[in-house]
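Task: produce atomic coordinates for the following.
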Amino acid sequence: MTALWILLGILALLGAVLSLDLTLSVEIREQVRITAGFLWFRFQLLPFQKKEPKAEKGNKKPPREKKRKRDAPLEEKAAELEKEPVGEKTFGETVELVLLLVRSALLGLEDILTHLRFTRMRIAISVGMDSADQTALAYGGISAGVYNLLAVLDKGCVLRLKSVDVAADFVSGETVYDISFRVRLRLARIVWDVLRICGKFLAGMIKKLRAVSKGRGKTKQKRGHLV
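Below you'll find the model as predicted:
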């Protein structure tokens, strides 16, 4: 009985975790900032900040280059492998595997896109160019592009807008934009789609292996008849 309660508790905890959302916060201003979040954890994707190397104390002598005698046989083997021609059959099989993986991934990606939720979306764009004619043309193109994109997102995904403001600036002649939104996706949906992609890829691999085995069987039968 205790083992059953433990199993039920693990399943309940797993279900609670899978029901949570993965969040991607995007801010597009003078600098693009993208932050991924799950629960209380936050990870900054852009801009990527590199850790500065610590300054070494004292004057250390540069390390001497050691002679690597053991690398000679490895280099000779690498040179021999480069000289060997790559079979066309192996290259063709590799291309087929890559195409099969891409097809499976695209099918899963299409399903993921329909379950995305865009929330807290704010769009503020001030369009300004060198002349009034250029400003008017740019304003028309940008406003049409923004509203068409929002219509596509609203049709295929969940879209929650806070504010949209696209205006023409005939005075300053500068284009300023301030865009921010969050993309949410349920963790269970990601796990399910990844499993679907893997399943479709494995099914395609099994079909290919069966076709190859059938082809080999037919060739053996033909050779037996010829003998």
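
next helix or strand past the helix or strand where residue 14 lies?
Assignment of secondary structure by DSSP states H and E places residue 14 within helix 2-18. The first helix or strand that comes after helix 2-18 along the chain, using DSSP H and E, is strand 21-28.

And that next one, what's buried?
Judged by neighbour count using 16 or more other C-beta atoms under 10 Å, the buried positions of strand 21-28 are 21, 23-26. For glycine as for every other residue, the C-beta is placed from the backbone atoms N, C-alpha and C.

can you give me the mean pLDDT across the helix or strand following it?
Counting by DSSP H and E, the next helix or strand C-terminal to strand 21-28 is strand 32-38. Per-residue pLDDT values across strand 32-38 average out to 89.

report the angle between the axes of strand 32-38 and helix 2-18?
Comparing the axes of strand 32-38 and helix 2-18 via axes from the mean of the first three to the mean of the last three C-alpha atoms, to 10 degrees yields an angle of 160 degrees.

so what does strand 32-38 touch, helix or strand wise?
When contacts are defined as 3 or more C-beta pairs under 8 Å, 6 or more residues apart in numbering; DSSP states H and E, strand 32-38 sits against strand 21-28, strand 41-46.

Adjacent strands (with direction) for it?
Using DSSP bridges, the neighbouring strands of strand 32-38 in the sheet come out as strand 21-28 (antiparallel), strand 41-46 (antiparallel).

now residue 20, nearest residue through space, not along the chain?
residue 187 (5.5 Å; C-beta to C-beta, 6 or more residues apart in numbering).

Distance check, that neighbour against residue 25.
When C-beta to C-beta, to the nearest Å is the yardstick, residue 187 and residue 25 sit 17 Å from each other.

Likewise for residue 195?
Applying C-beta to C-beta to residue 195 and residue 25 gives a distance of 27 Å.

circling back to that earlier point, residues near the residue nearest to residue 20, how many?
Number of residues near residue 187 (other C-beta atoms under 10 Å) recorded here: 14.

Next: the one 10 residues further on.
Around residue 197 there are 20 other residues, counting by other C-beta under 10 Å.

Output the lowest mean pLDDT helix or strand found in the protein.
helix 71-83 (a mean of 52; mean pLDDT, DSSP states H and E).
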